[in-house]
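Peer 1: would you be able to build a 3D model of this:
(chains A, B, C and D)
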Protein chains: 2
Amino acid sequence: MPRIIKHPDIRREELLDHAQALFLTHGYDKASLNDVIAAAGVSKGAFYHYFASKEALLEALAERFARQALAGVQKILDDPDLDPLGRLNALLAQSRQAKIETAPEAWALFETLFRAENLVLFHRINLAASKSFSPILVEIIRQGVEDGTFRTFDPEGVADIVMQFGLATHDVVAKAFAGGSDADMDIAIQALERRVRLYEIALDRILGLPDGSIRIGEPGYVRAVMTARRSNSAVGAGASKDRGLPHAHSRRP
Amino acid sequence: MPRIIKHPDIRREELLDHAQALFLTHGYDKASLNDVIAAAGVSKGAFYHYFASKEALLEALAERFARQALAGVQKILDDPDLDPLGRLNALLAQSRQAKIETAPEAWALFETLFRAENLVLFHRINLAASKSFSPILVEIIRQGVEDGTFRTFDPEGVADIVMQFGLATHDVVAKAFAGGSDADMDIAIQALERRVRLYEIALDRILGLPDGSIRIGEPGYVRAVMTARRSNSAVGAGASKDRGLPHAHSRRP
DNA sequence: GGTATAATAGACCGACGGTCGAATTCGACC
DNA sequence: GGTCGAATTCGACCGTCGGTCTATTATACC
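Peer 2: Here you go, the predicted structure:
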């Protein structure tokens, strides 16, 4: 076996890239370390030179996600023309945008794999993301309270609720995909639109705003997301039961 | 090894009991099947006679939890004298009561173990519990909307939010315990009381009720819970780093 | 008492995450 | 350009894991 040496940062990023792809498509638990190093074309020793454990790899991946997410909203945070409500709305809109664009691998194999297997992965990502976003949201809400836009006594608590709603949306979408037929799909889409509207109004009221102030997404955006994904997965994944892991040996179900 | 035969239902419950204790104290992932069968005094063969897999054991455990929780609120559901708001409040009060009383093992070893390791376990329990409780909450809210007590267009969504708040409280409590010193503790308690009040008001407003209608817990209940737990754990668990699993062999960290 | 079936035991399996010492390459300094 | 220590890479190896399998014993029923 020829020995290949790359710049440490490159190797590390490569490992993260392949790990991300495998974790998203097959789940953290089911994608083995051997899968990851095989995909990355690297030996065990090399892997453990960069990461202390499989867990540490997960941690690093979650951090990278959070960092990217934070970078994605930097423009909104820096915009001096936005008032707190405008900033909050921009943030929510960006967050839904990110849900569509990032991690297309996950969406591609959504129906069979999403829920149970990616639990751990998403929890870690959300944990890291929350840690980054919580202070930002808190500051926005605090400013809004100060200038009289928002009325609440607990900015931290409201920030948590905002993030909860974000996660819950993700959950509900996942549940809808798990459903199945196209007829179910249509019902699910309507339920989701309704849910988004509910979250908007709930936030309005929690923040003491007139109904209709908070806008998570334009009407119809759920349908746009879901139909887009559906056609993607029809092309890429098909109905194959084969998980297609790069294993030398088969694995029992 | 002498051969012991017990009534099947007894064995099954015993296995669930020991699994529950081990899963709660050490986490689903870190408590191995060998740990479980050693604690229960049963062979591998016997275990796999009752459960198809470790995963199935987790599933059964979650279902048992959900069943017990449901039984715990049956009186509230059957009470014909309660109006929707009274029933919802009674349910929320009972839920917080249950959080204190059930699973004392978990509370006893809270600070070191709770969060990361029980992720999977709690997710399954919550999944099972949600499946049981969701229709109940939906029906209560639906009735409240019908008789004009509540004002919302999405009972299912509101029910989800109620359950989310329940989970979030659990999360926030966990985070507080992870803290440490008694000084932190006091700050954490105040933060929690504030959070509970926020959830109350948030639900009031989401349901279109006057502020102060929803009562999750009397003022001071958070402190009561946390100080009670603290003295328990001081007696039972101490500061030992030894995890005390019934292993024949040591396990690397 | 025989016999089918449920229950139990535990040796065994392949895969897993992780460790380790040896081998190779790189960068800095002379 | 030779030398040397650190960084990097390799892959055989380890103990444990969840799970399978065969054998054996208890139980229920005829």
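Peer 1: what helices or strands is the longest helix anywhere in chain A leaning on?
Peer 2: Ranked by number of residues, the top helix in chain A under DSSP state H is helix A:119-146. Other elements packing on helix A:119-146 under the criterion 3 or more Cβ pairs under 8 Å, 6 or more residues apart in numbering or on different chains; DSSP states H and E are helix A:54-72, helix A:84-101, helix A:155-179, helix B:119-146. The way it works is simple: take the backbone N, C-alpha and C, and place the C-beta from them, glycine included.
Peer 1: could you give the angle of the last one to helix B:84-101?
Peer 2: Looking back up the chat, that one is helix B:119-146. 160 degrees (axes from the mean of the first three to the mean of the last three Cα atoms, to 10 degrees).
Peer 1: can you give me the mean pLDDT across helix B:119-146?
Peer 2: For helix B:119-146, the mean per-residue pLDDT is 89.
Peer 1: same question for the shortest one.
Peer 2: Rounded to a whole number, the mean pLDDT of helix A:84-101 is 82.
Peer 1: now it against helix A:54-72, angle please.
Peer 2: Per the same axes, to 10 degrees, the angle that helix A:84-101 makes with helix A:54-72 is 130 degrees.
Peer 1: what does the stretch 101-250 of chain A put close to chain B?
Peer 2: When proximity is defined by Cβ under 8 Å from any Cβ of the partner chain, the stretch 101-250 of chain A lies next to chain B at A:119-120, A:123, A:152-154, A:156-158, A:160-161, A:164, A:168, A:172, A:191, A:194-195, A:197-199, A:201-202, A:205-206.
Peer 1: before we move on, back to that, buried set for the longest helix of chain A?
Peer 2: A:119-126, A:128-130, A:133, A:136-138, A:140-145 (16 or more other Cβ atoms under 10 Å in any protein chain shown).
Peer 1: one step back: buried ones among the residues of the stretch 101-250 of chain A next to chain B?
Peer 2: Buried members of those, counted by 16+ other Cβ under 10 Å: A:119-120, A:123, A:152, A:154, A:156-158, A:160-161, A:164, A:168, A:172, A:191, A:195, A:197-199, A:201-202, A:205-206.
Peer 1: and the one residue in the stretch 1-150 of chain A that gets nearest to DNA strand D, how many neighbours does it have?
Peer 2: In the stretch 1-150 of chain A, the residue that lies nearest DNA strand D is residue A:45 (1.8 Å; Cβ to the nearest atom of the strand). Neighbour count for residue A:45, taken as other Cβ atoms under 10 Å in any protein chain shown: 8.
Peer 1: OK, contacts around it?
Peer 2: Counting by Cβ atoms under 8 Å, 6 or more residues apart in numbering or on different chains, residue A:45 touches no other residue.
Peer 1: now it: how far from residue A:32?
Peer 2: Distance, residue A:45 to residue A:32, using Cβ to Cβ, to the nearest Å: 16 Å.
Peer 1: CA atoms only for the helix or strand hosting the residue of the stretch 1-150 of chain A closest to DNA strand D, dumped as CSV, please.
Peer 2: According to DSSP states H and E, residue A:45 maps onto helix A:44-50. Provided in CSV are the C-alpha atoms of helix A:44-50 (Å, rounded to 0.1, in the frame of the first residue of the first chain):
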residue,chain,number,x,y,z
LYS,A,44,-6.9,3.4,11.2
GLY,A,45,-3.7,4.9,12.5
ALA,A,46,-4.0,8.0,10.4
PHE,A,47,-7.6,8.5,11.6
TYR,A,48,-6.6,8.2,15.2
HIS,A,49,-3.9,10.7,14.6
TYR,A,50,-6.5,13.3,13.8
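Peer 1: and that helix, which residues are buried?
Peer 2: Buried, per 16+ other Cβ under 10 Å, within helix A:44-50: A:46-47, A:50.
Peer 1: try stretch A:73-81
Peer 2: Across stretch A:73-81, burial judged by 16+ other Cβ under 10 Å covers A:73, A:76.
Peer 1: tell me the span between the first and last residue of it.
Peer 2: End-to-end span of stretch A:73-81 (Cα to Cα, to the nearest Å): 15 Å.
Peer 1: what's the mean pLDDT across that stretch?
Peer 2: 91.
Peer 1: what residues does it touch?
Peer 2: Contacting residues not belonging to stretch A:73-81 are listed as A:82, A:87, A:90-91, A:94-95, A:136 [Cβ under 8 Å, 6+ apart].
Peer 1: doesn't residue A:44 make contact with residue A:37?
Peer 2: Yes: counting by Cβ atoms under 8 Å, residue A:44 is a contact partner of residue A:37 at 6.2 Å.
Peer 1: any low-confidence regions in chain A?
Peer 2: Low-confidence segments of chain A (pLDDT under 70): A:1-8, A:98-117, A:170, A:173-185, A:218-253.
Peer 1: which parts of it belong to which domain?
Peer 2: As given by automatic domain parsing, the domain ranges for chain A are A:8-60, A:62-236.
Peer 1: adding distance to DNA strand C as columns, could you present the ones you listed in a markdown table?
Peer 2: Compiled in a markdown table, the domains of chain A are given as follows (distance: least, Cβ to the nearest atom of the strand, whole Å):
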| stretch | distance to DNA strand C |
| --- | --- |
| domain A:8-60 | 3 |
| domain A:62-236 | 12 |
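Peer 1: could those go into CSV alongside distance to residue B:74?
Peer 2: CSV is the format used below for the domains of chain A (distance: least, Cβ to Cβ, whole Å):
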stretch, distance to residue B:74
domain A:8-60, 36
domain A:62-236, 27
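Peer 1: and those domains: which comes nearest residue B:12?
Peer 2: Closest of those to residue B:12 is domain A:62-236, at 23.8 Å (criterion: Cβ to Cβ).
Peer 1: now residue A:212: how far from residue B:19?
Peer 2: The gap separating residue A:212 from residue B:19 is 50 Å, by Cβ to Cβ.
Peer 1: higher neighbour count, these two?
Peer 2: Shown here are residue A:212 and residue B:19; by other Cβ under 10 Å, residue B:19 has more neighbours (26 against 10).
Peer 1: quick one, what contacts the more buried one?
Peer 2: Applying Cβ under 8 Å, 6+ apart to residue B:19 gives the contacts B:31, B:36, B:40, B:57-58, B:61.
Peer 1: going through those residues, which ones are buried?
Peer 2: By neighbour count, with 16+ other Cβ under 10 Å, the contacts of residue B:19 hold B:31, B:36, B:40, B:57-58, B:61 as buried.
Peer 1: among those, which one sits closest to residue B:69?
Peer 2: For those, the closest approach to residue B:69 (Cβ to Cβ) belongs to residue B:61, at 12.7 Å.
Peer 1: enumerate every residue touching the closest residue to residue A:67 other than its chain neighbours.
Peer 2: In space, and not counting its chain neighbours, residue A:67 is closest to residue A:132: 7.7 Å by Cβ to Cβ, 6 or more residues apart in numbering or on different chains. Going by Cβ under 8 Å, 6+ apart, residue A:132 touches A:66-67, A:69-70.
Peer 1: my guess is residue A:51 meets residue A:61, correct?
Peer 2: No: counting by Cβ under 8 Å, residue A:61 is not a contact partner of residue A:51; they are 10.0 Å apart.
Peer 1: and residue A:82, how far from residue A:217?
Peer 2: 18 Å.
Peer 1: who's more crowded, these two?
Peer 2: For residue A:82 versus residue A:217, the count of surrounding residues by other Cβ under 10 Å is larger for residue A:217: 21 against 16.
Peer 1: could you check how far the more buried one is from residue A:14?
Peer 2: Between residue A:217 and residue A:14 the computed distance is 35 Å (Cβ to Cβ).
Peer 1: same deal with residue A:43?
Peer 2: Counting by Cβ to Cβ, the gap from residue A:43 to residue A:14 is 13 Å.
Peer 1: residue A:55 now?
Peer 2: Distance of residue A:55 to residue A:14, given as Cβ to Cβ: 19 Å.
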